[in-house]
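**Student:** can't give you the sequence, but here's the structure:
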């Protein structure tokens with residue numbers, strides 16, 4: 001790395017031509033390095049197979065690694081009280097959970113009651129099906145988010161939306177992610193910014209962080225390899241420290257490590273937490 005230029009490295013890796021040769025790639029050596037992530041979180045979708053086989057044992061191993069905050073993506077047939085008890089037994093908390101759009105639309109009160117019982121602060125809509133990625137559906141999603149935001153506020157919660165890459169592809173002349181930010185109420189609706197997917201889309205996350213200050217209470221921390229695959233944190237090219245340096249501007253409160261399909265899930269989450277621990281910003 002010392003012997004080649006930044007541009008040459010990016011060209012060779014394919015990242016420059018992918019449109020993401022920006023401040024989010026490769027280390028920023030001007031980093032102040034005065035802060036670090038205190039309570040590292042984990043999106044439990046990463047360990048879905050392990051949780052299905054041994055729920056309590058998996059949470060115990062996660063706690064031993066040093067993770068503090070759990071973001072759920074399914075409850076494996078357990079009640080809110082059982083989830084809360086398992087978290088308490090391991091010194092863990094759960095600030096948020098991924099809840100499908102249909103459940104938020106059709107059973108919001110049930111989801112609110114469960115979130116309150118677990119002690120969560122956020123309900124996050126995580127994904128749109130391929131047939132839902134039309135401009136009309138995005139407009140309906142705006143209505144869902146604003147409406148659910150009011151109900152969540154009354155219960156002491158907040159609704160949020162988690163991105164993939166498709167929200168940055170123009171639909172009928174509109175960038176859906178821009179629509180969501182512009183038409184949802186900032187007082188009611190937060191965004192969970194997935195750093196892998198926005199980089200995969202070729203978009204600089206810092207542009208959004210700066211233009212929509214305070215909207216991004218949660219981050220998904222997962223890396224992008226040179227061959228455009230998901231990687232454990234520290235094994236790719238995203239400059240997380242440069243992004244984390246904008247914590248105050250973005251409103252970052254929670255940092256959830258994730259890998260959608262790791263070969264070895266515990267090896268992945270171990271590598272990731274060790275990498276995040278070393279970060280200073």
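**Tutor:** Perfect, I can see it now. Predicted model, so just to flag it, every value in this text is computed and none were measured. Numbering: from 1, shown residues only.
**Student:** would you map the helices across this structure?
**Tutor:** 6-13, 48-53, 55-65, 80-89, 101-106, 108-118, 135-154, 176-183, 195-200, 205-211, 240-244, 247-250, 265-278 (DSSP state H).
**Student:** list the contacts of the last one.
**Tutor:** This points to helix 265-278. Helix 265-278 is contacted by residues 36-37, 40, 42, 46-47, 49-50, 61-62, 65-67, 221-222, 232-235, 240, 255, 257, 259, 262 when judged by CB atoms under 8 Å, 6 or more residues apart in numbering. Placement of C-beta: from N, CA and C, glycine included.
**Student:** would you list the phi and psi of residue 252?
**Tutor:** Main-chain dihedrals, residue 252, degrees, to the nearest 10: phi -60, psi 130.
**Student:** give me the number of residues near it?
**Tutor:** 19 (other CB atoms under 10 Å).
**Student:** same deal with residue 126?
**Tutor:** Count around residue 126 with other CB under 10 Å applied: 21.
**Student:** for residue 99, same thing?
**Tutor:** With other CB under 10 Å as criterion, residue 99 counts 25.
**Student:** try residue 263
**Tutor:** 8.
**Student:** now it: how far from residue 232?
**Tutor:** Distance, residue 263 to residue 232, using CB to CB, to the nearest Å: 10 Å.
**Student:** ditto for residue 108
**Tutor:** Taking CB to CB, one finds residue 108 at 35 Å from residue 232.
**Student:** more neighbours, those two?
**Tutor:** With neighbours defined as other CB under 10 Å, residue 108 and residue 232 compare such that residue 232 has more, 24 against 19.
**Student:** phi, psi of that one?
**Tutor:** Here is the backbone geometry of residue 232 (degrees, to the nearest 10): phi -60, psi 150.
**Student:** lowest-pLDDT helix or strand in this structure?
**Tutor:** Among the helices and strands of the chain, helix 6-13 carries the lowest confidence by mean pLDDT, DSSP states H and E, at a mean of 38.
**Student:** now for residue 189: which residues touch it?
**Tutor:** Contacts of residue 189 by CB under 8 Å, 6+ apart are 145, 146, 149, 158, 159, 160, 161.
**Student:** show me how to select, in PyMOL, the buried members of these.
**Tutor:** Buried subset of the contacts of residue 189, written as a PyMOL selection, criterion 16 or more other CB atoms under 10 Å:
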select buried, resi 145+149+158+159+160+161
